[in-house]
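Undergrad: give me a model of this one.
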Amino acid sequence: MLEAAIKKQLRDFSLDLTLRVENGEILVLMGDNGAGKSTTLNILAGLVCPDSGKIRINGSAVCDTAEGVDIPVEHRKTGYVFQRSAVFPHLTVAENVAFGLRAQHRDPAFTDMQVSRWLERMNIRDLAGVKASGLSGGQKQRVALARALATEPSLLMLDEPFSGLDTESRRSVKEVVRQIIAELKVPCIMVTHRPGDARDTGDRICRIVRGQIVWEGPVGELKDAR
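TA: Presented below is the predicted three-dimensional model:
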């Protein structure tokens, strides 16, 4: 479970959010460009420091400004899929999936096992030796998901994960995301600007305007939100 209460002064407004995401739940953050959605993910991941606040994952503090706690990015056990499939084009698919594990200095045998598992799970085993620069958008997104999940994260974050995908790739990646979150029982936060993607994938939605939550509810009520 994720519990977070964070504040950050941005250029034009103050980000001030309180979030709670249960294990196996997908919380969708929606809002206009510049509302603070991606900044929120970056704070949770440890890429940006909040001005004040607390972040707890499964009961353990990874950030607590009052207590001076700030766990480094590589030790927060978060999986982060960036917007536009941020894969390493010069690496093969297998090397991309292994990247986070090797950065964490995991045991080579465990790394190989996880890479094999997630190549199979994402249906990209046949692409293991292919350079990522030659992949389609949907294939790159599957590689990015595999890389994030191979590290066994306690929190998964997805920033516009279906952006730039064709209709079939969008449908299949949505299905994969739903299946994996239900299977692994980890909390997930997804950023999207598309109501259809939110309804298809999420369980609950927070609409953010200038760093503040202005509406929160189940996806079935999104059509009534203002």
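
Undergrad: and the longest helix along the chain, what does it pack against?
TA: The longest helix of the chain (DSSP state H) is helix 167-184. The helices and strands touching helix 167-184, judged by 3 or more CB pairs under 8 Å, 6 or more residues apart in numbering; DSSP states H and E, are strand 26-30, helix 137-150, strand 188-191, helix 195-201. (C-beta placed from N, C-alpha, C; glycine too.)

Undergrad: and the shortest one, what does it pack against?
TA: Packing partners of strand 188-191 (3+ CB pairs under 8 Å, 6+ apart): strand 14-21, strand 26-30, helix 37-45, strand 155-159, helix 167-184.

Undergrad: what's the angle between the fourth one and helix 137-150?
TA: Just to be clear, that refers to strand 155-159. 160 degrees (axes from the mean of the first three to the mean of the last three CA atoms, to 10 degrees).

Undergrad: per-residue confidence averaged over strand 155-159?
TA: The average of the pLDDT scores along strand 155-159 is 96.

Undergrad: residues in contact with it?
TA: 2, 21, 37-38, 41, 44-45, 57, 76-83, 148-149, 177, 181, 186-191 (CB atoms under 8 Å, 6 or more residues apart in numbering).

Undergrad: neighbouring strands - and their directions - for that strand?
TA: strand 78-81 (parallel), strand 188-191 (parallel) (DSSP bridges).

Undergrad: quick check: the residue positioned nearest the centre of the chain vs residue 175, distance?
TA: In the chain, the C-alpha nearest the mean C-alpha coordinate belongs to residue 157, at 1.4 Å (CA atoms, centre = their mean). As judged by CB to CB, to the nearest Å, residue 157 and residue 175 stand 19 Å apart.

Undergrad: got it, and residue 132?
TA: From residue 132 to residue 175 the distance is 22 Å (CB to CB).

Undergrad: swap in residue 155?
TA: 21 Å.
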